[in-house]
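# this is a predicted model, with the sequence first.
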Amino acid sequence: NLTNWKDEGIIIQLGEDVSWANRNAWAPCIVEKKIKGKYKYFYYFTAAQKVGVAVADHPAGPFKDLGKPLLADRPEGVNRGQVIDPDVFTDPQTGKSYIYWGNGFMAGAELNKDMTSIKPGTQTILKPDRTYREGTYVFYRKGKYYFLWSEDDTRSPNYRVRYAISDSPLGKFTIPENNLILAKDTLQGIFGTGHNSVLQIPGKDEWYIVYHRFSYPDGIKMGDAAGYNREVCIDKLEFNTDGSIKPVKPSHKGVKLE
């Protein structure tokens, strides 16, 4: 119901469960995939400026790490930025899964069916606008692929979300004239609204954006530390008739499912 939550505890611990990294546990994502008739859960995470993956039979674990990074180096030709912020998207049109990552660059690639390796020859440098910083998130709606990302820095009050649209999971972007869809609201004391994911209610054209922002009300007083004192929020995500995304109205109420 997006309202009541149960803490399932630590599902994987760097250093103990992950032999190749013991720092910078950042920005994970998790996906469900049916493999050989059985559901598996793949947890992609940032550690030591690399991307790892761990696998479990249940969403709460226990998770077993691959034993090495899935992504360790910047793509060829990229000389800046970090290998962080994985997002995995399964195309409902084909069943193929793709991974996206990057800070300072946006990269994408198709995953093999095992979900723990990259399909050779598919790695692509994607080209959003100059606002791109990190936190790619991809979803599909009515024949279009939506790419969302964060602008600025997680420690900044101006951390915010923009988007582009594509006709394919690794294709060229169309960038709407006004592609800023989530930003601070100083009147409400809401700052640092960024690094999002998106939920669709199954079987319905009903969408929600999940994101973090400075903790309220004291985060804005903390300087850079505000970027590490955050709250997770859910607000409605709505579309215009032409498929463009309406600017999100951040709230203190959140959402309530009927």
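Perfect, I can see it now.

# contacts, neighbours, all on C-alpha from now
OK.

# any stretches of this structure with poor pLDDT?
For the chain, applying pLDDT under 70 flags the ranges 258.

# if we go to 90?
1-5, 254-258 (pLDDT under 90).

# and the closest residue in space to residue 117 that isn't next to it in sequence, what does it touch?
Spatial nearest neighbour of residue 117, excluding adjacent residues (Cα to Cα, 6 or more residues apart in numbering): residue 111 at 5.9 Å. Counting by Cα atoms under 8 Å, 6 or more residues apart in numbering, residue 111 makes contact with 96-99, 117-119.

# run through the bridge partners of residue 111.
Judged by DSSP bridges, the bridge partners of residue 111 are residue 118.

# separation between it and residue 122?
9 Å (Cα to Cα, to the nearest Å).

# how much space between residue 233 and residue 194?
Separation of residue 233 from residue 194 (Cα to Cα): 10 Å.

# shared neighbours, the two?
Both residue 233 and residue 194 are contacted by 211-213, under the criterion Cα under 8 Å, 6+ apart.

# of those residues - the most surrounded one?
Greatest neighbour count in the shared contacts of residue 233 and residue 194, by other Cα atoms under 10 Å, goes to residue 213: 30 neighbours.

# do I have it right that that one meets residue 185?
No: Residue 213 lies out of contact with residue 185 (Cα atoms under 8 Å); the separation is 11.0 Å.

# give the residues shared as contacts by these two.
Joint contacts of residue 213 and residue 185 (Cα under 8 Å, 6+ apart) are residue 191.

# count the neighbours of residue 91 for me.
A total of 16 residues lie near residue 91 under the criterion other Cα under 10 Å.

# picking that back up, look up how far residue 91 lies from the residue nearest to residue 117.
11 Å.

# pull up the overlap in contacts between these two.
Contacts common to residue 111 and residue 91, judged by Cα under 8 Å, 6+ apart, are 97-98.

# what bridges to residue 45?
For residue 45, the beta-bridge assignment (DSSP bridges) gives partners residue 52.

# roughly how far out does stretch 198-207 sit from the chain middle?
The chain centre lies 17 Å from the centre of stretch 198-207; the measure is Cα atoms, centre = their mean, to the nearest Å.

# give me the contact list for stretch 142-150.
Applying Cα under 8 Å, 6+ apart, the contact partners of stretch 142-150 are 131-140, 159-169, 194-196.

# which of those residues fall within strands?
Taking DSSP state E, the ones among the contacts of stretch 142-150 that sit in strands are 134-140, 160-166, 194-196.

# leaving out chain neighbours, which residue sits closest to the residue positioned nearest the centre of the chain?
Nearest to the mean C-alpha position of the chain, counting by Cα atoms, centre = their mean, stands residue 137 at 4.3 Å. With sequence-adjacent residues excluded and distances taken as Cα to Cα, 6+ apart, residue 137 is closest to residue 148, at 5.0 Å.

# double-check that the one you found belongs to a strand.
Yes: applying DSSP: H, G, I helix; E, B strand; the rest coil, one finds residue 148 inside a strand.
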